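> I would like to see how this sequence folds:
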Amino acid sequence: CVRKVHTHRPNAFSSGDEPLLGRFSRSGGALIADLKEKADTVQEFTTLFATKSEVVKFLSRVRSHGLPWVEIIHSHADASGKLLNRLFADPKDAPSGLVVAGTGNATVHAALLKPLEALHERGVLIWRSTRCLLGAAASRDDDTLAVIDLVPAKARVLLQVSLALANEAIARRRAGSLEASGPFERGVEALRLLRHPDAVKEHIAGDASGS
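Next up, the predicted model:
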């Protein structure tokens, strides 16, 4: 998970604790053998869309309708549910999902956790992430809200795209279209998996390799 860690240094990016995928030498680049499988997964994820026409169709809909509304909520000292109350005061004009930027191991302030769990019970898709630059957030057996091992900004985009694909697939099925295929069909399954974000990443990557 490469991220920008400095404002102006030429070497401004870091992969944190993630291991190297390969090294460059005078003879060219080479993948580290035991990490090749991981690199293949990354490559499969980039082939989410089987054809260029699928990309064009999806981007056209995004330009027309935009991506689903997903907000980032920060957990901090003296946090409360006031912002959530305002965001979801009108169910017809509320976010489709939330990403919580937690502290440490994606920890959420107790005063914020309760209203988040209430929204989760109402069907709002909520992912927990961490603001920490290094280390990976890990879920526990008693967790109510899913944990994703991405920084909040990247988790938000993944949730937006997954929701957009799922919404497109559902709209096509409701319209009786028999043409739903490719990423749009995968979007339906992604919607079922959204409560487990790591499974979404693996599912999309795996299906893309078989497209």
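
> excluding covalently adjacent residues, which one is nearest to residue 144?
Leaving out its chain neighbours, the residue that sits closest to residue 144 by CB to CB, 6 or more residues apart in numbering is residue 117, at 5.1 Å. The C-beta positions use only the backbone N, C-alpha and C, and glycine is treated the same way.

> by mean pLDDT, which helix or strand of the chain comes out lowest?
When the helices and strands of the chain are scored by mean pLDDT, DSSP states H and E, helix 36-46 comes last with a mean of 44.

> C-terminal to that helix, what's the next element?
For helix 36-46, the succeeding helix or strand toward the C-terminus, using DSSP states H and E, is helix 52-65.

> could you list the alpha-carbon positions for that next one in CSV?
What follows is the C-alpha trace of helix 52-65 in CSV, where atoms were taken according to Å, rounded to 0.1, in the frame of the first residue of the first chain:
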residue,chain,number,x,y,z
LYS,A,52,-11.6,-1.0,-22.7
SER,A,53,-15.3,-0.7,-23.6
GLU,A,54,-16.2,-1.7,-20.0
VAL,A,55,-14.0,1.1,-18.7
VAL,A,56,-15.5,3.6,-21.1
LYS,A,57,-19.1,2.6,-20.0
PHE,A,58,-18.2,2.8,-16.3
LEU,A,59,-16.5,6.2,-16.6
SER,A,60,-19.4,7.5,-18.6
ARG,A,61,-21.8,6.7,-15.8
VAL,A,62,-19.4,8.1,-13.2
ARG,A,63,-19.2,11.4,-15.2
SER,A,64,-23.0,11.5,-15.4
HIS,A,65,-24.0,10.4,-11.9
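
> for it, packing partners?
Under the contact criterion of 3 or more CB pairs under 8 Å, 6 or more residues apart in numbering; DSSP states H and E, helix 52-65 touches helix 152-174, helix 182-193.

> how much does that helix deviate in direction from helix 152-174?
100 degrees (axes from the mean of the first three to the mean of the last three CA atoms, to 10 degrees).

> and residue 150, how far is that from residue 71?
16 Å (CB to CB, to the nearest Å).

> cool, residue 95 as well?
For residue 95, the distance to residue 71 under the criterion CB to CB works out to 5 Å.

> of these two, who's got more company?
Legend: neighbour count by other CB atoms under 10 Å for residue 95 and residue 71, higher for residue 95 (19 against 15).
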